[in-house]
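Pasted the sequence and its predicted model underneath.
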Amino acid sequence: MVKKIRLLGMEIDNYSLPEEVLRGEEFINKSELNIIRTLSMKMLSLAVDNKAVRAGIEQADLLVIGNKEILLEAGIRSSQRLWEASEHGFMREYLKRICTDCRRVFLLAPDRAELEVFREYLKSTYEKMYIVGDYVVEKCGKDFDIMINEINAHVPDVILSVLDFLLEDEFLPDAREKIDAKVWYSLGEQYHSPAGKLPFLMKVRQLIYRGKFKNVIHNYKEYNE
C-alpha cells in the first residue's frame, strides 16, 4: 500500500490502521510533543491559500485522513481504507489503547457546551478513560499561555482536542515546545458521528465541504497541468 499520497501539492500520510496506531503509541515514548491531526476536506481546501493551515498540516507528526473523499481524489479505492476514513477507525482504536494503558488524558474544547458533549461521548464510549483535567479555550481569550499552564499543571500524556483547526493553527506551532505532554490529538468535528449517522446540519455542511473540495481539486489541476 502507498504510504504517502500527494494532493493539492501536499504530501499526506496514508498508513494502514495498524501502522497508524503503532505510530501513535510510539509517540508516548518520545520526549517531545507529537501532533496527530485529523485531516478533513475543509482543512485541505483552505490549505491551498492559507499558509497557516498548510503549515499546520505539514508540521503534524501523523495525519489521519478523516474523509473518504480525500482518498478517492488521490486514487485510493481500498474498501478497508475508505471504511477507516469514514468510520473513525484510527480514533476508535487509539482511544481504546489509551484506556487500556491508563494514559493520563486532558480534554480541550472551544466552549462549555462542546466540552459537555465531548465528555458525554467519552463517558459513554470509553468509560475507563483516565481524564485528569479539561479546559475551555474561550476562557483564555487569546492568551494561550493561560491554557498551556493549565495543561502542564495536570501533566497529561495525551491531549484530546476538539478545537477548530483554524484556532489550533493560531497557537500550536509556537506553543508546541511549551506543552508538557507526549501527544496532541486533534479529533475533528465529526468524532462522535460515524458517516452513516451524521446529524442533519452536519450532513449539510459535509455536502457543502464536498462541493468546495471538488472545486478546489478541479481548479488546482487546471492551473497546474
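Noted; the coordinates are in hand.

CA atoms for contacts and neighbours, from now on please.
Will do.

Am I right that Arg6 sits in a helix?
No - under DSSP: H, G, I helix; E, B strand; the rest coil, Arg6 falls outside any helix and is assigned strand.

And the strands in this structure?
Using DSSP state E, the strands of the chain run over 4-7, 10-13, 34-39, 62-65, 104-109, 130-136, 158-161, 183-186.

who does the longest one touch, helix- and strand-wise?
It refers to strand 130-136. Using 3 or more Cα pairs under 8 Å, 6 or more residues apart in numbering; DSSP states H and E as the contact test, the elements touching strand 130-136 are strand 104-109, helix 144-154.

Pull out the CA atoms of the shortest one and give them to me as PDB.
What follows is strand 104-109 as a C-alpha-only set of coordinates in PDB (Å, rounded to 0.1, in the frame of the first residue of the first chain):
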ATOM      1  CA  ARG A 104      -3.400  10.500  31.600                       C
ATOM      2  CA  VAL A 105      -5.800  12.400  29.300                       C
ATOM      3  CA  PHE A 106      -6.600  16.200  29.200                       C
ATOM      4  CA  LEU A 107      -9.500  17.500  27.200                       C
ATOM      5  CA  LEU A 108      -9.700  20.700  25.200                       C
ATOM      6  CA  ALA A 109     -12.900  22.200  23.800                       C
END
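
For that strand, give the mean pLDDT please.
The average pLDDT within strand 104-109 is 97.

Run through who's touching that strand.
For strand 104-109, the external contacting residues (Cα atoms under 8 Å, 6 or more residues apart in numbering) are 115, 118, 129-137, 151, 154-163.

coming back round to it: want to try TSV for the strands of the chain, with mean neighbour count as columns?
Compiled in TSV, the strands of the chain are given as follows (neighbours: other Cα atoms under 10 Å):
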stretch	mean neighbour count
strand 4-7	14
strand 10-13	17
strand 34-39	23
strand 62-65	24
strand 104-109	22
strand 130-136	18
strand 158-161	24
strand 183-186	23
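
which one of the ones you listed lies closest to Asn50?
Nearest to Asn50 among the strands of the chain is strand 10-13 (13.0 Å), distances taken as Cα to Cα.

So which residues lie in contact with that closest one, not counting its own?
So strand 10-13 is contacted by Lys3, Lys4, Ile5, Arg6, Glu58, Leu62, Leu63, Val64, Ile65 (Cα under 8 Å, 6+ apart).

ok, those vs Asn29, which is closest?
Distances from Asn29 to the contacts of strand 10-13, taken by Cα to Cα, are shortest for Leu62, at 15.2 Å.

pLDDT value on that closest one, please?
We have a pLDDT of 97 for Leu62.
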